[in-house]
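# Next come a sequence and a model predicted from it.
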Amino acid sequence: MKNLITRMDDFGSAFAADGAIFQAIKKGDYVKNVSCMAVAPYIEKDAKELEELRKKKSICIGLHATLNSEWEKIDYHSILNPKEISSLVDEKGKFAMHPMLFEKRMPKTIECIREISAQLDKLTTFGLTVEYIDTHMLPDAVVPGLKEALTEFARKKGLIDQRWFYTFAQEHQPVLDGSESLEKDAEAYNKWFEGFEEGKQYINILHPAKYSEETKLFYNQVLTGNRVACQREAEQQLSNSGKLEEFCESLEIKRIKYTEAAPQGDTTLSAAMNF
């Protein structure tokens, strides 16, 4: 048997994203973990339904700790007052665009943890049962001491720390850009799964969202909105097709939650290289 942590990220970031994730959970049995953005615009609106699905479908919910705001039209602002975490956000509470920009103005680790703690409190206030923590765009690979502080924070809060559970196959998971048919995308995933080794544990992270004017707002100087929308539409089509479950069954790949996963050692750097 081969184990596969199946995770969908950025819950709360858009109506189109939440809808695609809900559909995947309701229709199939592929997704086992959902990472939630406490600072995102739709998290409060859709939290109750996600918690209900957690109970019905036995999925694992995590905090997708967010310390950057990468899009030009969609802003992520801190939960805390900007004056409390001035090294991390601007005077309006907006995060830097990318964790790599922290190298020019490095935030204080203690302020990062304060904000992450506030984000966790926000999710629990919305009624979500949070069992693990991961990070959006891996600031823990950039900020000195943050990964160790996160591990200690997770221990105190009784959460699973994702940095010990990342496992990547030798081949990178297929990148879906919307230029291929569903059949071609499915074929790429089947080939990827076939490369899994017996007794190993892997991870598949998806960001599904339905193509819409809303998802086209996810753009910046590097990525166009149409490109991002096409990528996420391709992921939602595949994740809602039933093909991933079919492949896993035929290849004896068990989809697992973080609560069922085995620690793999500190894999923060390998995670950074894979994204």
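Arrived safely, thanks for sending.

# make it CA atoms for all contacts and neighbour counts henceforth
Will do.

# and residue 150, how many neighbours?
For residue 150, the count of nearby residues is 23 (other CA atoms under 10 Å).

# May I see the buried residues of the strand or helix carrying it?
If you go by DSSP states H and E, residue 150 is part of helix 146-157. The neighbour-count check on helix 146-157 (16 or more other CA atoms under 10 Å) flags 146-147, 149-151, 153-154 as buried.

# Quick check on residue 11: phi, psi?
Main-chain torsions, residue 11, degrees, to the nearest 10: phi -60, psi 130.

# out of the buried residues of helix 146-157, which one sits closest to residue 87?
Of all the buried residues of helix 146-157, residue 87 sits closest to residue 146, with 14.0 Å by CA to CA.

# My guess is that closest one contacts residue 140. True?
Yes. Between residue 146 and residue 140 a contact is recorded at 5.1 Å, counting by CA atoms under 8 Å.

# Next, work out how far apart the most far-flung residue of the chain relative to its centre and residue 93 are.
Distance from the centre of the chain peaks at residue 83, with 27.9 Å (CA atoms, centre = their mean). As for residue 83, its distance to residue 93 is 8 Å (criterion: CA to CA, to the nearest Å).

# can you pull out the helices in the stretch 51-200 of the chain?
Using DSSP state H, counting those that start in this stretch, the helices of the stretch 51-200 of the chain run over residues 109-125, 146-157, 182-194.

# for the protein, which spans come out with low pLDDT?
Residues of the chain that meet the criterion pLDDT under 70 lie in 267-275.

# where along it do the strands fall?
Under the criterion DSSP state E, the chain contains strands at 2-11, 33-36, 60-65, 130-135, 160-161, 201-206, 253-256.

# Residue 106: how many residues sit nearby?
Residue 106 has 15 neighbours, counted by other CA under 10 Å.

# Which residue is the nearest non-sequential neighbour of residue 30?
In space, and not counting its chain neighbours, residue 30 is closest to residue 245: 5.6 Å by CA to CA, 6 or more residues apart in numbering.
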